[in-house]
Each structure stands twice: as structure tokens, then as C-alpha cells.
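Trainee: 3D, please:
(2 chains)
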Amino acid sequence: MLVLLDIVVGISFVYLLLALISTTVNEWVAGILKLRSRTLEVGIRQLLGPAADAFYAHPLIGGLSAPGRRPSYIPAHLFSSAVIQLLDAGADSAGAATTKQVERAVAAIGRTQPALEEWFNNAMDRVSGWYKRKLQIITFAVALVVTLVANADTLQLIGVLWRSPVLRASILEQARERLQGPRPVAANYPDVNTPVPPIDDEASAEDQDVKPLTPDERAMLDQLVGWSSEFRRFNQRVCDALTAERTRACADEAKAADCRQVLQRIMAETRCTIEGTRLVATDASPRGAVMSAALFPIAGRHLFGWLLTIAAISMGAAFWFDTLKRFMNIRSAGASPDEKKK
Amino acid sequence: MTRAPAVAVALIAWSIALHATGQVLLKKTFIATYRNRVTITTNFKVDEAHPHPNAIGTSSDDGDLHMAGRAQAIGLPMVVELSNGRLNDVTGVENAIHAAQGTNQAVSVSGAWRLWMEHKSAEPMHQGDTVPVPENTNPKHVFEIHPITAFHGTATLETFAPLRDDQKPTAHYQASDAETAFKRYEKMKLTVDRTDAVFVSIDGPQTPYNYVEFRLEVAGQATFVDDGAFVFANAFDLNDVQLTTDPRRIVLVKDSRPAALIGPAPVGQRFRVLGIPRINLDAVMRFAKPNQVTVVTGAYELIILAVIE
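Mentor: Reported below is the predicted structural model:
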């Protein structure tokens, strides 16, 4: 039972590491696409119609982001203040026609800050829903790419862990280190004269990076997932073909030139290495031709395992962090006294 | 080996089913709106209310009038509390509360928002989920409007004063011991999960000590916002032993007596006060890292109900 638990810990840990990589890529993609600010802008345009440009140009809103960029968040009280001021300015600033849609909406809900804030917050709930759906699509796509690039097949992973007690022990150690994690962060503000931080600080905090993988974790991932074994399998075919060619060419003294040529090719071939008299496959890239020919068999062999991994990574790093913690706790509770001593 | 993958996958599936604890999941938009705001105004349906305010005495005999209900804009199980309910001045408000009770009609309520893990549930509370009608005045909740500043158009700012019972002038309120309370506040570890696109999950230990009497020493200049002010201060017990390791945020409600006294006070001035703790959402967002799960300590602030002169 302990072996199974160790395998589950190992899988959870690999999922956690892959989910951390996916989260980094996700944020990067969302940042490139300016997903947050663009989705917010769609919501604002739906609310304010043609007056949205004047709204974004308002100093209260323009000040929330760098020049030429749209803000990612708009606090409800700034929204209501800006809208009220826009309506007060009326035709002078945005033009009567552009503020007409807003006038109608405000007439229906009431021209008070609480009413406008509720209107805005309700709209933002919808915007959050759109954003989440878009992000889910990106998350799934990123999980798919990460899984395929890493060849992270859950079933294969279980096999590797089942066969290697050393690897299981090493994972347990690294999982323990990862779970210890950073010490709690103390909420100590740097400046006692600034109990309310400027908005710029809030925005920049959103851009911080995810805690990266340690070199040990990267090395461990290399051992557990990747294309090395597949590559070796393809390359072995090349090596076998070269071996056959060498046998044919070098068996006959009359073909000495051919033999030399084959031997030169063998020396230059990165996909094979000579071990004694045998040609052994390396994990060098098998190159396009072999890959395309073998793509369908590979996909068939790994499809289910890949799908499991994609679904798992899509659940996010926080989920796998909690899961790993839970299984580690169960494992600690269930370990034999001798093991505990170790 | 043949059964190993199936068992491993089954174990993980079981773990997925177990993945739920009593955290509160707040919308990021809600946090962005209220992190640096003192109060909240919402339409609130009073489902349950105590017939009378608590007596004035020790600990939970705090003179509060409790009510439980629902506010669509908040979307969480919640209670609303009128502080200093034993004052003659708020009899009209109490009558209004009881008139609104059980009518299913929402009335406007304003007051200090308060997120606090005193009555948390074992299940997660997801902001925006349908909130069941509470069966009593104290359902499982982490969100409160406490103390209120207005109910159905009537201001209650006179309640921002030392707790007293106008019917029993000799009654005296004995708040939680400051040393014990601040030890818990300072040690409170909040697990903040900012990996979701829409929600921020906050979980922490069940923490009591609603009212605490202490001395504060102003540590910096106040920042005034639309509905009040924030200022950093150090906390001391009544024997002048320092209770906070670093200055904590003090929350002052606009037009209240504490705001008038503490807001313009110079650095170093001390006040004996009665405070109510709440989670500091600004600290939660400033110190919990985006896209990660972070444990934050000291992320609380104190709403000042009264300056004890």
C-alpha cells in the first residue's frame, strides 16, 4: 500500500510541477493578449456604449494604467465618480449623442454612487465570467502543449515510478521540500505614512512571477517525463539499419570503399553510439521523417495517459499543492515506526 | 503492477472529491472595490433579528443587536450588527429593524464591512452563490456589516461611543483581554490562494475576540478616503505593554467621534479605544503573491468603535 501511496505522491508532485509551468505560460499568454484589460474594455463598452472612449480618457480612469494602455481593474467607486462627472460635463466633453445610452441607463437605476456601483459590479460579475471562460480555454491549450512537449503520459509515469524505488524516494524528498515552501509573509507595510497604497502599486503586484522550479525539480522532471525513451526507440531502428548495412558492406573485402563509407556515416551519426561492436541508440532527436512515420503509433500508445495529464494540469497548481500535502500527511501517518526514524 | 495505474488514479480521484475546506472565495472585483474602503452600503433583507440588544456585561454581552439576512450585492451568508444597541438614541432604528424583519423587503444598510473567521463554516463560502434564508440570527458566516452607520436612511453614528446601557447606567462593558486578543490577531495565518482568475480564496483559523479595549499610538499620517480614514498605529495593553510587532492599520468611520479625534492626531499621540478586528483585504492583496498560494500573517486591521476618554 505504501508503494501505491508513494506513486500517488509522485504523480501529484509531477502534476504540481507541470501545473506551475503551465501557470507561468498562462500568465505570459494572458499578458501578451492583454486578456484582462481587453475583457474589461468589452464590458465597459457594453455598459457605456459610445461614451466608453470619454470614460477611458477621464483622469480618474486614465490614471489607473500607463499611458496608451487600458487598466486591468477599475474600482467601483472610481467608475461611479467618473460616470457622474461625465454626465455632469455632458455635451461639453463627450457630446450629447455619446452619453445618451448612459443617460438612459442611469435614469433607470438612479444617479447615485451606490446605484452606479451596483450596476458596475453586476456587469463586472459577467465580465469575470467571460474572462474565466477565456482563461479556461488558454489553460486547456497550454496544458495540452505542456503535456505534449513534455510527453507527460500519466500511465507511463506510473510505470516508471512503480519500477524505480530510488526515484520514488527522491521524489518524496523533493515533495517534502516543496511543501515546506516559503515562510509565511508578514503583512508589514513599508511606509507608515501610506496606509492606502497608490493604485500603481496594486497594478504592478499583478505582474509578479510564479515561483520557479528548482534545478533539482527540473532534473527530476527530466527523469520522469520527456521524449528520450521514444527517441531511443526510433533511433534504434536507424542503428539497426546501419548495423545491417555495415555487416553487408564490411563482410566482403571487395567492397572496402563501401565499408569505409558506412563506417564514416556511423561515426557521424548522432542518433547512434558504438558500444563494443554494437550500435546503441541515443536520445538525440530522431528527425522529421522518423517522427512523422511514427506519430500515429505514438499517439495511440500515449493518448489516454496524455488526456489524464491534461485534465490534471488544468486543475491548477494550488489544487495539486493541496493534494500533495494531503497525501504526504496520510503517508506520514501511515509510515512504519522504522521509517519514521529514518 | 497491472492494477497499480487504476488504484493510483482512483486515489487521486478520491482526493479531488475531498478538495474542499471552509475558505471564503471573494470576487476579485469585490476586493478591488473594498480593500481600501471603510464601509459598504447595500440593500439587505432582514430575515432574523434579536428582539432586544445584548445586555452590557462581559465578552459577548456587548450591547449589539444582531440580525441575519441576505444582500444580493454581497452574495455571502452574512449578519448585520447594530453596536451600542442599549442607547436610547437608537430605539427608532431598532423599531425599523423589527419592522423590516421577515418582510422579504430589502432595506438600505450602511456600515463597516467586516470579514472575520469567527463563525466560519466547514464548507467553502463562494461569493455569488445563492444564499439560503438564515434560520437564526447567527448562521455560519464570515461576512458582517458591523457596526452599522445607517439603517433604512437613519444614521447611527452616535453608536460610535463607549458601550453603555441607558436603562442601567451602572452597567460596564468588559472587553476581551487585549494581550490575549492581540496574540491571536498577530498569529493569525491566512492562506490566500490567488491562482483563480475570478476569485481569491482566503482561509484562516477560527478567531474570536470581537471587541478589544487597548491603547493605540498613532504611528503615521492618516489617509482620508470617501467614507473615513486609515492610519497606522501600534497597540498597547492598558499597562502600556506593546502588543503589535509592527504598526497595524486602524480604520476610522467618517463623521464618527473616533475619526474626529484620531484622524488629525499627530504621530505619537495615544488613545484608549474600543476596537473590532477585521481581515485587512488590502494587506491580503499586497502581500499574497499573484498566481500562488501564500500564507500571510498580521493581515488584520481594527475598526475603532469608541475612544474611551
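
Trainee: can you pull the domain assignment for chain B?
Mentor: Per automatic domain parsing, the structural domains of chain B span B:23-159, B:178-307.

Trainee: closest one to chain A among these?
Mentor: domain B:178-307 (3.3 Å; Cβ to the nearest Cβ). C-beta coordinates here come from the backbone N, C-alpha and C atoms, glycine included.

Trainee: list the contacts of stretch A:139-159.
Mentor: With Cβ atoms under 8 Å, 6 or more residues apart in numbering or on different chains as the test, stretch A:139-159 has contacts from A:7, A:10-11, A:14, A:18, A:21-22, A:25-26, A:29, A:221, A:224-227, A:230, A:302, A:304-306, A:308-310, A:312-314, A:316, B:1, B:4-5, B:8-9.

Trainee: could you dump the strand or helix carrying A:Cys239 to PDB, C-alpha only?
Mentor: A:Cys239 is part of helix A:228-251 when elements are defined by DSSP states H and E. Presented in PDB, the C-alpha positions along helix A:228-251 are these (Å, rounded to 0.1, in the frame of the first residue of the first chain):
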ATOM      1  CA  SER A 228      14.000  10.400 -24.500                       C
ATOM      2  CA  SER A 229      12.700   6.800 -24.400                       C
ATOM      3  CA  GLU A 230      10.600   7.300 -27.500                       C
ATOM      4  CA  PHE A 231      13.500   8.900 -29.300                       C
ATOM      5  CA  ARG A 232      15.700   6.000 -28.400                       C
ATOM      6  CA  ARG A 233      13.100   3.600 -29.700                       C
ATOM      7  CA  PHE A 234      13.000   5.400 -33.100                       C
ATOM      8  CA  ASN A 235      16.800   5.800 -33.200                       C
ATOM      9  CA  GLN A 236      17.300   2.100 -32.600                       C
ATOM     10  CA  ARG A 237      15.700   1.400 -35.900                       C
ATOM     11  CA  VAL A 238      18.300   3.700 -37.600                       C
ATOM     12  CA  CYS A 239      21.000   2.000 -35.700                       C
ATOM     13  CA  ASP A 240      19.700  -1.500 -36.600                       C
ATOM     14  CA  ALA A 241      19.600  -0.400 -40.300                       C
ATOM     15  CA  LEU A 242      23.200   0.900 -40.100                       C
ATOM     16  CA  THR A 243      24.300  -2.300 -38.400                       C
ATOM     17  CA  ALA A 244      22.900  -4.300 -41.200                       C
ATOM     18  CA  GLU A 245      24.500  -2.100 -43.800                       C
ATOM     19  CA  ARG A 246      27.800  -2.300 -42.000                       C
ATOM     20  CA  THR A 247      27.600  -6.100 -41.900                       C
ATOM     21  CA  ARG A 248      26.800  -6.300 -45.700                       C
ATOM     22  CA  ALA A 249      29.500  -3.800 -46.800                       C
ATOM     23  CA  CYS A 250      32.300  -4.900 -44.500                       C
ATOM     24  CA  ALA A 251      31.800  -8.600 -44.800                       C
END
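
Trainee: which positions in that helix come out as buried?
Mentor: Buried residues in helix A:228-251, defined by neighbour count with 16 or more other Cβ atoms under 10 Å in any protein chain shown: A:230-236, A:238-239, A:242-243, A:245-246, A:249.

Trainee: now swap in stretch A:38-58 and tell me
Mentor: Within stretch A:38-58, the residues scored as buried using 16+ other Cβ under 10 Å are A:39-41, A:43-44, A:47-48, A:51-52, A:54-56, A:58.

Trainee: list the residues that contact the residue most central in space within chain B.
Mentor: Most central in chain B under Cα atoms, centre = their mean is B:Arg114, positioned 2.3 Å from the mean C-alpha point. Contact analysis of B:Arg114 by Cβ under 8 Å, 6+ apart lists B:Phe143, B:Glu144, B:Ile145, B:His146, B:Ile276, B:Arg278, B:Ile303.

Trainee: what values do phi and psi take at it?
Mentor: Here is the backbone geometry of B:Arg114 (degrees, to the nearest 10): phi -150, psi 110.

Trainee: got it, and A:Phe304?
Mentor: phi -60, psi -40.

Trainee: list the residues that contact it.
Mentor: Applying Cβ under 8 Å, 6+ apart to A:Phe304 gives the contacts A:Leu155.

Trainee: so how far is B:Val46 from it?
Mentor: Counting by Cβ to Cβ, to the nearest Å, the gap from A:Phe304 to B:Val46 is 55 Å.

Trainee: what is the neighbour count of residue 113?
Mentor: Since no chain was named, I'll use chain A. 17 (other Cβ atoms under 10 Å in any protein chain shown).

Trainee: nope, chain B
Mentor: B:Trp113 has 24 neighbours, counted by other Cβ under 10 Å.

Trainee: bridging across strands, which residues link to it?
Mentor: B:Trp113 has the following beta-bridge partners by DSSP bridges: B:Ile145.

Trainee: my guess is B:Pro53 meets B:Ser60, correct?
Mentor: No - B:Pro53 is beyond contact range of B:Ser60, at 11.9 Å (criterion: Cβ atoms under 8 Å).

Trainee: these two: who's more crowded?
Mentor: In terms of neighbours (other Cβ under 10 Å), B:Pro53 is the more surrounded of B:Pro53 and B:Ser60; the figures are 22 against 12.

Trainee: which SS class is the residue lying closest to the more buried one once chain neighbours are set aside?
Mentor: Closest residue to B:Pro53 apart from its sequence neighbours, by Cβ to Cβ, 6 or more residues apart in numbering or on different chains: B:Gly85 at 2.8 Å. The three-state label given to B:Gly85 by DSSP: H, G, I helix; E, B strand; the rest coil is coil.

Trainee: which residues does B:Gly85 contact?
Mentor: B:Gly85 touches B:His52, B:Pro53, B:Asn54, B:Gly63, B:Asp64, B:Leu65, B:Glu94, B:Thr159, counting by Cβ under 8 Å, 6+ apart.
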